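Only the shape, not the letters, is given here:
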Ligand SMILES: O=P(O)(O)OC[C@H]1O[C@](O)(COP(=O)(O)O)[C@@H](O)[C@@H]1O
Ligand SMILES: [Mn+2]
């Protein structure tokens, strides 16, 4: 036994009685039902839709209400659910619709329903956890109100006086809002974000801010997150890609307005050298209007940053032969006289390929003007306090993968050979595969932030590899055909061949082997995002007989026409796992006024034979160890 450790523990629990109380408390917690985990992925800047599934707990709030208010009609449940999802908006809506005295009565009735719901959803937790979930400023009143079974007649006057006082002090609505927040918090205990918060949609920053306010969350980095992180780590190449994708989807506001990055020098440069072409037309969400000049500017900017990206990428490919990316050195495969490119022994004509600043002998070299521009832009990125804060949060809460409660969470894939063997990647004279490879990547990602002023060190370059590499668990395709998609008409060149994993993952044996490689039991699950599930073509997100679930259903608006739905989310509670498919989210206003939920289908992935308890979980295992230590301390209390 470690003397020091026990002495420290004794300081925390300074009497035998205190130790005993804690042992009993922890033991009781272990017997409670497992808390609910919520999984989302591929949010791609769609804040409103994400916020909605967070608020409705992917349907779990409604489930609870149906159990708690068995006699209620569907519309009564929906009405109460909306109040819990959007308390402020719903209260405002009712206030506008009702006479003041009717509104007061309505609020009093709803308060009783909210109290009942809070008690109901708090049942599976200890009283101390429920107490902690109550908002500080109303804790005392709420504890009083919640302590009662029903609004009993002998205490009727007492309650009425509390409510009247709250009304007089204009505190009834704030209290109801606080209760609704508590209910949501108690219904879903923990959120997993399986990658790709950034790109395509307009508000990734708002998503991060929302995540920062949650009490329990983890993130598995996606390829679209890692490139944004790489800008802070000092990669000009990743920065060009971030700029290019933002321009492609008409999202300059996130850069200029919200991260405060000055794009003026880039705009001047792009206007000087580029004219709009068809392939670079920005992709603008339906219903959003944009002036023609603005579209033209986005087009020019996208071209400029694409060429700068290809130049910088070529430099990286030359300095990192170990990345095996030679086949992606596209600028060096161009015949500039013929305006053709040679790829895999075939020659293709280039369409609208304009690169006025390119030196044909050394296509990877930046002009002096471009060097200065790139450095200025990178300094702007790295000086953005807000972006830095967001990236720090991603580093703190995120990782390449996560093992949690017996399940494995990875954004993309685990690189495999065609025969199912783990595919290794050789770096720094060592071959890494499976979990070891992902641990290596994880460590390098963190290392890349140690020297943000160096742009070409291995760790920073690896961040780019994670964006485009076949052995990247965040990407896992043979090549990213960005160049071909812009400049070659022949669509066969656009195809991005996926790593064998994406086929082999249909087989439960593959998943079992992978889980084993990560030290997990065979009955766990693997959870992926990254590849949109085309539900409208009959693709099933539940694969390998339920061992694998792919939850990228397309929160991303531009991808919804391909998937046919608007995102999957997964819930894992004490009864098992459940997948929800969502319909497109229109607006909070519609959700409130029409009490709409936008959940289309629910599918049971797995049902447990015995209700899972805390002791069967990750947290539970830790608690059991704590109990052991406390028991040892209790037995030899006087010795320490
Ligand atoms: O839809 P876009 O903007 O053309 O982007 C396509 C590119 O995005 C990728 O699909 C990567 O993004 P995802 O991680 O969202 O799949 C690449 O494989 C592909 O080249
Ligand atoms: Mn992805």
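Received, thanks. All values reported here derive from a predicted model rather than from experimental measurement. Residues are numbered from 1 along each chain as shown. Ligands and ions are numbered 1, 2, ... in the order given.

what's the longest helix in the chain?
helix 292-319 (DSSP state H).

near ligand 1, anything from that helix?
No - on the criterion Cβ under 6 Å from any ligand atom, helix 292-319 is out of touch with ligand 1, staying 10.4 Å away. For every residue, glycine as well, the C-beta is placed using N, CA and C.

which neighbours does the helix or strand that that helix is followed by have in its sheet, and in what orientation?
Heading C-terminal from helix 292-319, the first helix or strand you meet, by DSSP states H and E, is strand 334-335. Here strand 334-335 is paired, per DSSP bridges, with strand 340-343 (antiparallel).

Going by neighbour count, list what's buried in the partner strand.
340-341, 343 (16 or more other Cβ atoms under 10 Å).

cool, and stretch 379-391?
380-382, 384, 387-388, 390-391.

what about it, start to end distance?
End-to-end distance of stretch 379-391 (Cα to Cα, to the nearest Å): 16 Å.

Quick check: mean pLDDT of that stretch?
Averaged across stretch 379-391, the pLDDT comes to 98.

residues in the stretch 401-550 of the chain within reach of ligand 1, list them.
So far as Cβ under 6 Å from any ligand atom goes, the stretch 401-550 of the chain lies against ligand 1 at 477, 480-482, 485, 496, 530.

if we go to 5 Å?
Within the stretch 401-550 of the chain, the positions near ligand 1 by Cβ under 5 Å from any ligand atom are residue 480.

again with the chain
Counting by Cβ under 5 Å from any ligand atom, the chain comes close to ligand 1 at 223, 480.

and with 6 Å instead?
Residues of the chain lying near ligand 1 (Cβ under 6 Å from any ligand atom): 196, 223-224, 248, 477, 480-482, 485, 496, 530.

Which members of these additionally contact ligand 2?
196, 223, 530 (Cβ under 5 Å from the ion).

If you rank those residues by neighbours, which is first?
residue 196 (28 neighbours; other Cβ atoms under 10 Å).

Quick check, it in contact with residue 46.
No - between residue 196 and residue 46 there is no contact under Cβ atoms under 8 Å: 10.7 Å.

Let's see which of the ones next to ligand 2 among the residues of the chain next to ligand 1 end up in helices.
The helices, defined by DSSP H, take in residue 223 from those.

Centre of the chain to stretch 87-97, how far?
Centroid separation for stretch 87-97 versus its chain: 30 Å, with Cα atoms, centre = their mean, to the nearest Å.

so who does residue 38 touch?
54, 57-58, 60, 188, 190-192, 569-571 (Cβ atoms under 8 Å, 6 or more residues apart in numbering).

and it, what are its bridge partners?
As for beta bridges, residue 38 partners with residue 191, residue 571 under DSSP bridges.

Residue 353 versus that one, what's the distance?
46 Å (Cβ to Cβ, to the nearest Å).

give me every residue that touches the closest residue to ligand 1 within the stretch 301-450 of the chain.
Here the residue of the stretch 301-450 of the chain nearest ligand 1 is residue 412; by Cβ to the nearest ligand atom that distance is 7.4 Å. With contacts defined as Cβ under 8 Å, 6+ apart, residue 412 is in contact with 195, 222-223, 472-476, 528-531.

Which of those fall in strands?
residue 528 (DSSP state E).

Looking at the contacts of residue 412, spot the one nearest residue 202.
Closest approach between the contacts of residue 412 and residue 202, by Cβ to Cβ: residue 222, at 17.3 Å.

thought that closest one was touching residue 195?
Yes - with contact defined as Cβ under 8 Å, residue 222 reaches residue 195; the gap is 2.7 Å.

For the stretch 151-300 of the chain, what lies in contact range of ligand 2?
So far as Cβ under 5 Å from the ion goes, the stretch 151-300 of the chain lies against ligand 2 at 196, 222-223.

Pass me the low-pLDDT residue ranges in the stretch 1-150 of the chain, would you?
1, 149-150 (pLDDT under 70).

mind listing the helices for it?
3-12, 16-31, 47-56, 60-68, 74-85, 87-97, 100-122, 127-133, 139-147 (DSSP state H, counting those that start in this stretch).

Please compute how far the first one lies from its chain's middle.
Using Cα atoms, centre = their mean, the distance from the centre of helix 3-12 to the centre of the chain it belongs to is 39 Å.

Show me which positions of that helix end up buried.
6, 9-10.

okay if I get these as a markdown table plus distance to residue 25?
As requested, these are arranged in a markdown table below (distance: Cβ to Cβ, whole Å):
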| residue | distance to residue 25 |
| --- | --- |
| 6 | 19 |
| 9 | 15 |
| 10 | 17 |
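
Among those, which one sits closest to residue 205?
Nearest to residue 205 among the buried residues of helix 3-12, with distances taken as Cβ to Cβ, is residue 9, at 42.2 Å.

Report the contact partners of the closest one.
629-630, 633.

number of nearby residues for residue 109?
The burial count for residue 109: 10, using other Cβ under 10 Å.

For it, give its distance to ligand 1.
46 Å (Cβ to the nearest ligand atom, to the nearest Å).

got it, and residue 550?
Distance from residue 550 to ligand 1, by Cβ to the nearest ligand atom: 12 Å.

Report the beta-bridge partner residues of that residue.
In this entry, residue 550 is beta-bridged to residue 528, by DSSP bridges.

what sits against it?
So residue 550 contacts 527-531, 533, 541, 543, 568 (Cβ under 8 Å, 6+ apart).

at 10 Å instead, please
41-42, 194, 502, 505, 526-533, 539-543, 568, 570, 579 (Cβ atoms under 10 Å, 6 or more residues apart in numbering).

which among these end up buried?
Using 16+ other Cβ under 10 Å as the threshold, 41-42, 194, 502, 505, 526-533, 541-543, 568, 570, 579 are the buried ones among the contacts of residue 550.

when you scan stretch 408-422, is anything in it near ligand 2?
No - using Cβ under 5 Å from the ion, we find that stretch 408-422 stays clear of ligand 2, coming within 6.0 Å at best.

State the pLDDT value of residue 640.
69.

got it, and residue 394?
So, for residue 394, pLDDT stands at 98.
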